[in-house]
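Novice: here's a sequence, model it:
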Amino acid sequence: MKPTRILAAAGLCLAALCANPGWAQDVRPSVTAASPDGSLVLSVTTDNDARPTWSLSRKGKLLIAPSKLGFLLTDGLNMVRGFSIAGSEKAAADDTWEQPWGERRFVSDHYNEVVVRFQQSQVQGARRMNVRFRLFDNGIGFRYELPEQPALKTMRIAEETTEFDIVPEGKAWWIPGGEWNRYEQVYRETPIDAVSTAHTPITMRLEDGTHLSFHEAALVDYAGYWFKRASGQLFRTELAPGSDSAKVVRDLPFATPWRTVRIANDAAGLVENDLELNLNEPNKLGDVSWFKPARYIGIWWGMIRGDWTWAEGPRHGATTKRAKQYIDYAAQHGFRGVLVEGWNMGWNGDWFGHGDAFSFTQPTPDFDLKGLTAYAAKKGVHLIGHHETGGNIANYEPQLDDAMALYGKLGVDVVKTGYVADAGGIIAPGDKPGETKMVWHDGQRMVNHYLDVVKDAARHHIAVNTHEPVKDTGLRRTYPNWVSREGARGMEYNAWNAFANGPDHEPTLVYTRMLSGPMDYTPGVLSLEGAQHTPLASTLAKQLGLYLALYSPIQMAADFVENLKAHPREMEFIEHVPTDWAESHLIAGEVGDYAIFARKDRNGPEWFVGGVNDATARTVTLNFDFLDEGKTYEAKIWKDGEGATYLTEARHRIAYDTRMVRKGDKIDIWLAPGGGAAMRLIPQD
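Specialist: Alright, predicted model coming up:
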């Protein structure tokens, strides 16, 4: 047998052959690539069964052992065996791009890239499949690219068989995938080999301190994937179900979403990482200055607690009178938006998982939509719209453009959408007129629906805040009007049961859910109580720290206006904290324990510092090296009072302090069990 030709120009290297020409009969071509700093090294080859594999080393140690690539199809031979490497091409980029809004203004995009071209044998179907890998210093992304080809016109994908075989042992923080309550679950901390099937992002800390996060980027016209353990620490993708045997149906050519792995030395490196954003396409909308990052209040907490109702009747929350009260308070205290839920027809009866009675243009008789938008505009306030579908997109989609056009005409420039239904319970249009079918929130049909809503909203200059969403995968870069979403257990769970979101919930969200993008967590429940005086697992200072810990360009003060009025000193912080940042840094924190951020106002010289703690009291030393050299700042501080704890009425204890700080100064701050802190730093010269 003659040695296989070395394709140096294509990036192919017969490593074993070069080492010993006598081994030629056992050699398989491989492709290698490294990150810009050389710390990550990728190897792509085929195994003894001619199955494509990839592996990754970090600093000379194997991180991801050889892991398989491919697809199972519903209507043809599977694309898993019989592959050989036909060639490869390399590229590199080093760029910086600007976000219209975000955690930081400028994003560095520096990577090395290799595209590996696989060719399947004739007996296995003669299909072609390319895999594009991008290696950053802090992670890797790769996707399948299916070129136009005679042997394959449409792919009906039963499953994608991408693997991640993690070598070092460690811990994982995760929530189960495929459960009835979607992403709204309490995070678990387990050994990596105790994970079952998880949603992404899933976060890991290895024994040597390396931090990992597995997720995906640019989820478009495809099913979201769940991270399924096969054995030991070997994981595979499991696509969210479709309505038939094929989970994804795509005509060629097309590219899948990127499979991503953030890799960092510590928790800060994991958080201050823009991998998924960089793997999305640039802004397709052009000028989006019509979206204004801002704070808001709303007619919402009263329904969540049960004081008011979404449905019409004597306790209806969305009345003209109440809306004016909230608009007046917003105008007086610098809130740009007022969210109103239950304003439209269709809430009467059982709407959960049904939603067939909702109108998205007809207000209830006791809510003057046109009059209130005009009243708000005179005071510099905008209503935030609400489209709850009850999980029925068969009813919503025919009304979508009319509903967005109405909001656009009235100056309602942000809309909160909702899809309240159990997982797998979305009612979608069927294949024939009048028919419906059931689909999943993270299946291909809904992935397309969510993006269609965002695109339609953009045509009317409306931003979208999606609840009961598909997970964020960085599409806010491409469609910057997709400004926030839920996708985790939010504040509302605290209204229903004591300590429903335990004290470690938010410090875990920082390092898991928040790695995917902004979350509408709805902080600012200053009364610290839900229905029937149900206590929150939070101190008063923690409610302020949430504004720094859980980023969103729209931030709510969720409590009743009466309770906000009762806390003027806390409102001083909420009224000044920005929602758009020039820089953001995690200056202290560990996964699941605590998180303290320093963030600089994008539109001014002030810095804000703060964050959240778990159930363990601790003293944290904060280093102010992030401040500008030579400047003095007045630090206004809101912190846990002596003896504060989420476990008793001492949760209301808060202390206030003021001191001068400069670059390089350090401050020790005590964080109570379930506590937090917030600071506003005002330059003095």
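Novice: show me where this structure has its helices.
Specialist: With DSSP state H, the ranges of helices along the chain come out as 15-19, 267-271, 275-278, 301-305, 320-333, 369-378, 393-396, 400-410, 444-459, 505-509, 540-549, 561-565, 568-576.
Novice: distance to S213 and mean pLDDT added to those, as JSON lines?
Specialist: Bear in mind the C-beta positions are built from the backbone N, C-alpha and C, glycine included. Below are the helices of the chain laid out as JSON lines (distance: least, CB to CB, whole Å; pLDDT from 0 to 100):
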{"stretch": "helix 15-19", "distance to S213": "30", "mean pLDDT": "35"}
{"stretch": "helix 267-271", "distance to S213": "6", "mean pLDDT": "98"}
{"stretch": "helix 275-278", "distance to S213": "9", "mean pLDDT": "98"}
{"stretch": "helix 301-305", "distance to S213": "31", "mean pLDDT": "97"}
{"stretch": "helix 320-333", "distance to S213": "37", "mean pLDDT": "98"}
{"stretch": "helix 369-378", "distance to S213": "40", "mean pLDDT": "98"}
{"stretch": "helix 393-396", "distance to S213": "30", "mean pLDDT": "98"}
{"stretch": "helix 400-410", "distance to S213": "34", "mean pLDDT": "98"}
{"stretch": "helix 444-459", "distance to S213": "21", "mean pLDDT": "98"}
{"stretch": "helix 505-509", "distance to S213": "13", "mean pLDDT": "98"}
{"stretch": "helix 540-549", "distance to S213": "17", "mean pLDDT": "98"}
{"stretch": "helix 561-565", "distance to S213": "35", "mean pLDDT": "98"}
{"stretch": "helix 568-576", "distance to S213": "30", "mean pLDDT": "98"}
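Novice: return the most buried member of these.
Specialist: Greatest average neighbour count among these goes to helix 540-549 (a mean of 28), per mean count of other CB atoms under 10 Å.
Novice: what helices or strands is that helix leaning on?
Specialist: The contact analysis (3 or more CB pairs under 8 Å, 6 or more residues apart in numbering; DSSP states H and E) places helix 540-549 against helix 505-509, helix 568-576, strand 594-601, strand 607-613, strand 632-640, strand 676-683.
Novice: let's have the helices of the chain in CSV, adding distance to D94.
Specialist: Formatted as CSV, the helices of the chain follow (distance: least, CB to CB, whole Å):
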stretch, distance to D94
helix 15-19, 28
helix 267-271, 19
helix 275-278, 12
helix 301-305, 47
helix 320-333, 44
helix 369-378, 46
helix 393-396, 42
helix 400-410, 39
helix 444-459, 30
helix 505-509, 32
helix 540-549, 31
helix 561-565, 47
helix 568-576, 37
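Novice: for those, which one sits closest to F164?
Specialist: The closest of these to F164 is helix 275-278. By CB to CB, the value is 15.1 Å.
Novice: I'd say G490 and Y521 touch.
Specialist: Yes. Using CB atoms under 8 Å, G490 is in contact with Y521, at 5.3 Å.
Novice: higher neighbour count, the two?
Specialist: Taking other CB atoms under 10 Å, G490 and Y521 do not tie; Y521 has more neighbours (28 against 20).
Novice: quick one: residues contacting the closest residue to D472 other than its chain neighbours.
Specialist: Nearest residue to D472, sequence neighbours excluded (CB to CB, 6 or more residues apart in numbering): G517, at 3.4 Å. Residues in contact with G517 (CB atoms under 8 Å, 6 or more residues apart in numbering) are 276, 472-474, 476, 485.
Novice: quick one on the thing from earlier: just put the helices and strands packed on helix 540-549 in TSV and tack on distance to L451.
Specialist: Shown next, in TSV, are those (distance: least, CB to CB, whole Å):
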stretch	distance to L451
helix 505-509	24
helix 568-576	33
strand 594-601	29
strand 607-613	32
strand 632-640	39
strand 676-683	35
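Novice: to K379, which of those lies closest?
Specialist: Comparing the helices and strands packed on helix 540-549 by CB to CB, helix 568-576 comes nearest, at 15.7 Å.
Novice: how long is stretch 272-280 end to end?
Specialist: Using CA to CA, to the nearest Å, the end-to-end distance of stretch 272-280 comes out at 17 Å.
Novice: how far does that stretch sit from its chain's centre?
Specialist: In terms of CA atoms, centre = their mean, to the nearest Å, the centre of stretch 272-280 is found 11 Å from the chain centre.
Novice: cool, and stretch 452-470?
Specialist: 15 Å.
Novice: what residues are up against P52?
Specialist: P52 touches 44-46, 68-70, 83, 116, 118, 129, 131, counting by CB under 8 Å, 6+ apart.
Novice: is it bridged to anything, and to what?
Specialist: T46 (DSSP bridges).
Novice: confidence score at it?
Specialist: pLDDT recorded at P52 is 98.
Novice: TSV for the contacts of G517, including distance to D221?
Specialist: What follows is these, written out as TSV (distance: CB to CB, whole Å):
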residue	distance to D221
E276	17
D472	17
T473	12
G474	15
R476	17
R485	19
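Novice: quick one: find the helix or strand in the protein with the lowest mean pLDDT.
Specialist: Scoring the helices and strands of the chain by mean pLDDT, DSSP states H and E places helix 15-19 at the bottom, with a mean of 35.
Novice: break this protein down into its structural domains.
Specialist: 8-278, 294-576 (automatic domain parsing).
Novice: hey, least reliable of those by pLDDT?
Specialist: Taking the mean pLDDT of these, domain 8-278 comes last: a mean of 93.
Novice: show me where the stretch 1-150 of the chain has its strands.
Specialist: 12-13, 30-34, 40-46, 52-58, 61-68, 71-73, 83-98, 106-120, 128-136, 139-146 (DSSP state E, counting those that start in this stretch).
Novice: if you rank the contacts of P52 by neighbours, which is first?
Specialist: If you count neighbours using other CB under 10 Å, the busiest of those is V116, which has 28 neighbours.
Novice: so what's it up against?
Specialist: For V116, the contact set (CB under 8 Å, 6+ apart) comprises 31, 44, 52, 85, 88, 130-133.
Novice: output the residues you listed in CSV; the columns should cover distance to R602.
Specialist: As requested, those are arranged in CSV below (distance: CB to CB, whole Å):
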residue, distance to R602
V31, 42
V44, 40
P52, 44
I85, 46
S88, 41
N130, 39
V131, 38
R132, 33
F133, 33
